[in-house]
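1. Sequence and computational prediction follow.
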Amino acid sequence: MVGVDEQKCIVKLDTNYYFLNHDEYKVYFSDFKLYDMGTIQDSPILAFFMLSTIIFTIVVYFCNFNYKLYDNNFIYANIVLILNIAIHECGHALILKGFRKESKIKIGFKIYFIYPAFYVDTSDSYFLPKYKRIAVYLAGNFFNCIYILLTCLFMPSIVKYNYVLISTILINFLPIIKSDGYYTIKAFFGKYNFDMSKKIKFIDDTVRGMIMFILLYVISKI
């Protein structure tokens with residue numbers, strides 16, 4: 001499967017993605033028709049609405065509730081978190097499939113620094129125009145924030161369990177760790193994520209993870 005974005009050709013072979021210029025593409029894939037992403041109707045409205053909702057939710061939470069990293073409700077808070085992991089990943093999958101029905105949904109698990117993480121492979125978003133690609137990246141946090149807003153309005157007794165979820169939203173949303181917020185910014189500027197060597201990736205992930213952990217600790221003490 002191939003796509004074109006300005007001067008770059010994006011080629012998907014099996015589970016791998018390759019970025020070629022047009023001349024390179026003609027040499028290797030001249031018999032394939034390019035899929036022009038520029039012809040797909042794009043709009044920033046959904047992405048802007050998701051971004052606004054996420055920021056609004058974070059502001060509302062910090063203005064009305066006491067954020068911490070840990071308390072006696074930690075077990076129940078993690079039950080809420082597990083529920084929201086499913087909500088988060090379903091959000092990515094639903095928006096990606098909504099924009100591109102032929103995309104295959106792949107779910108995986110990894111350890112990022114000290115953070116265990118499930119993830120939906122959203123690489124097929126490379127075949128979407130900019131703002132739809134951004135919406136795919138924001139979708140997980142957006143659905144988590146809808147959950148938080150609903151609990152604030154209709155189930156205030158369980159809001160005290162949301163602090164671990166808020167930590168997860170911050171980890172995913174702030175563009176420090178290479179997660180949803182990081183990829184959102186990359187997409188906004190028309191950039192893509194490229195593989196690193198395992199050694200460089202480990203160092204990069206560790207440094208970013210430590211910075212994120214320190215930031216969360218500082219925020220919890222304010």
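-> On my side now, so go ahead.

2. In whichever strand or helix holds I55, which residues are buried?
-> If you go by DSSP states H and E, I55 is part of helix 45-64. If you call a residue buried by 16 or more other CB atoms under 10 Å, then helix 45-64 has these buried ones: L46, A47, M50, L51, T53, I54, T57, I58, Y61. Bear in mind the C-beta positions are built from the backbone N, C-alpha and C, glycine included.

3. And stretch 144-153, by the same measure?
-> Of the residues in stretch 144-153, N144, C145, I146, Y147, I148, T151, C152 count as buried by neighbour count, 16+ other CB under 10 Å.

4. Kindly indicate which of those lies nearest K199.
-> N144 (33.0 Å; CB to CB).

5. secondary structure element for that closest one?
-> helix 130-154.

6. next structured bit after that helix?
-> helix 163-173.

7. how big is the angle separating that next one from helix 45-64?
-> 140 degrees (axes from the mean of the first three to the mean of the last three CA atoms, to 10 degrees).

8. and the angle from helix 163-173 to helix 130-154?
-> 170 degrees.

9. can you list the residues that contact the helix or strand following helix 163-173?
-> Next in sequence after helix 163-173, counting helices and strands by DSSP H and E, comes helix 180-188. The contact list for helix 180-188 (CB atoms under 8 Å, 6 or more residues apart in numbering) reads 51, 122, 125, 130, 133-134, 137-138, 140-141, 172-176, 192-193.

10. residues of helix 180-188 that come out buried?
-> Under the neighbour-count criterion of 16+ other CB under 10 Å, helix 180-188 has D180, G181, Y182, Y183, T184, K186, A187 buried.

11. model confidence over that helix, on average?
-> In this model, helix 180-188 has an average pLDDT of 95.

12. right, and the helix or strand after that helix?
-> Assigned by DSSP H and E, the successor of helix 180-188 is helix 198-221.

13. how far does that next one sit from the chain's center?
-> Relative to its chain's centre, helix 198-221 lies at 17 Å (CA atoms, centre = their mean, to the nearest Å).

14. May I see the buried residues of that helix?
-> So helix 198-221, judged by 16+ other CB under 10 Å, has buried residues D205, R208, G209, M212, F213, L216.

15. Determine which residue lies closest to the centroid of this protein.
-> What sits nearest the mean C-alpha location of the chain, by CA atoms, centre = their mean, is D180, with 2.4 Å.

16. measure that one to I95 for me?
-> Noted for D180: a distance of 12 Å to I95, by CB to CB, to the nearest Å.
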